[in-house]
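Undergrad: this is a predicted model, with the sequence first.
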Amino acid sequence: MDKKTSLEMIAAISNAKGAAGFEDEVLTVLRRYGEGLGQFREDSLRNLYLSRRENRSGRPVVQLDAHSDEVSFMVQAIRPNGTLRFITLGGWVNSNIPAHRVLVQTADGSYIPGVIASKPLHFMSAAEREKPPAVEDMSIDVGASSREEVIREFHVRIGAPVVPDVTFEYQERHDLMIGKAFDCRLGCSSILWTLDELKGRELNVDVTAAFATQEEMGTRGATVTANTVKPDLAIVFEGCPADDTVAEPYMVQTAIHKGPMLRHIDARMITNPRFQRYALDLAQELNIPVQESVRSGGSTNGAPIHLSNQGVPVIVIGIPVRYIHTHYGIAAHGDVANAVKLAAAILERVDGDVISRF
């Protein structure tokens, strides 16, 4: 896949609206860019599976994972004044939520713009100015003036998903991408790019991609995909939080422009050390830049996958993203390209004997 095509794909997948549990539009885009790579199927959670065209039975199965949802919101109630009370879907820092544009799904499935508002400074008490904002004190304002108008004219219902209103952009000079939902639409893009790189090649394993729903709500979709695919080995792609603007220099382990990050541990998984070392050694052999990290918090779909069936060796190939779980992320296209190179190289080399050593 050339760079132009990869950027078009990343933009389309990033721009797609996909709150947790409402990833329909994302799946439509994934199907479009995955056409010709294999056979698609879905389950009742709307997990999307893509089995490689060249698969044949009787070989070890490798699962490629990424999640299709994004941190987002849901309409909880409609206030008498026409503003929308909402809850968060996924982890947000409250101070990052207000004063941003969002898109609210209407009863017919279309989306309308809104603004996340909080009480203006002019009307705050001194005590209110000092404390962080609470989500229940914020509102989504679509421009209505009453509850009846919201329902009758704007066609918004309780339970409607809400996503950040952000459009992908790319700065060629600096190789920088800015957009929403890089956690984990960059992972979804990496899967399709990897399968495209391996198109027509004979491997010693079967490969099934699983685009999992509801990761931001507790890795729910991957609990199902792992028990459906029943992999012998798994590679999880993730958009992971870059630390190069927030950590002391000696602690920076996930910088943009430095290649994908392979974590040794997070809050819910100790990475299989033998598979991890295999991937790191292979990256060194092939001069693919990678970073290593030791994380005390966070988790990925690797958590349910590595505990599925009788246990599965899993690594996480993370693409560094500055400011994930906000409206805007910043990432380097080159880091995605190197994540794809590493994953493709692993898939070209592993077989039953290699996997048995993990």
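TA: Received it, and whenever you're ready, just let me know what you need. Numbering: from 1, shown residues only.
Undergrad: the residue nearest the centre of the chain sits in which helix or strand?
TA: Nearest to the mean C-alpha position of the chain, counting by CA atoms, centre = their mean, stands residue 184 at 1.3 Å. Assessed by DSSP states H and E, residue 184 sits inside helix 182-197.
Undergrad: so residue 66 belongs to a helix, correct?
TA: No: assigned with DSSP: H, G, I helix; E, B strand; the rest coil, residue 66 falls outside any helix and is strand.
Undergrad: spatially nearest residue to it, not counting backbone neighbours?
TA: Nearest residue to residue 66, sequence neighbours excluded (CB to CB, 6 or more residues apart in numbering): residue 187, at 3.2 Å. Any C-beta I mention is one placed from the backbone N, CA and C, and that applies to glycine too.
Undergrad: surely the one you found meets residue 64?
TA: No: the criterion here is CB atoms under 8 Å, and residue 187 misses it with residue 64 at 9.1 Å.
Undergrad: what is the burial count for the closest residue to residue 245 other than its chain neighbours?
TA: Counting by CB to CB, 6+ apart, residue 245 lies nearest to residue 322, which is 6.2 Å off, once chain neighbours are set aside. Residue 322 sits with 22 neighbouring residues when counted by other CB atoms under 10 Å.
Undergrad: parallel or antiparallel, list what pairs with the helix or strand just after the helix holding residue 184.
TA: Using DSSP H and E, the helix or strand that follows helix 182-197 towards the C-terminus is strand 206-212. Partners of strand 206-212 in the sheet, by DSSP bridges, are strand 48-52 (antiparallel), strand 61-67 (parallel).
Undergrad: and the angle for strand 206-212 with helix 182-197?
TA: For strand 206-212 against helix 182-197, the angle by axes from the mean of the first three to the mean of the last three CA atoms, to 10 degrees is 160 degrees.
Undergrad: list the contacts of strand 206-212.
TA: Strand 206-212 is contacted from outside by 26-27, 30, 47-52, 55-57, 59-68, 188, 191-192, 195, 198, 219, 221-222, 224-226, 228-229, 231, 301, 347, using CB atoms under 8 Å, 6 or more residues apart in numbering.
Undergrad: quick revisit: now the common contact residues for residue 187 and residue 64.
TA: Common neighbours of residue 187 and residue 64 (CB under 8 Å, 6+ apart) are residue 237.
Undergrad: neighbour-wise, which of these two wins?
TA: Between residue 187 and residue 64, counted using other CB under 10 Å, residue 187 has the larger neighbour count: 31 against 26.
Undergrad: how far away from the center of its chain is the helix or strand bottoming out on mean pLDDT in the chain?
TA: Lowest mean confidence among the helices and strands of the chain (mean pLDDT, DSSP states H and E): helix 126-130, at a mean of 78. Offset of helix 126-130 from its chain centre (CA atoms, centre = their mean, to the nearest Å): 36 Å.
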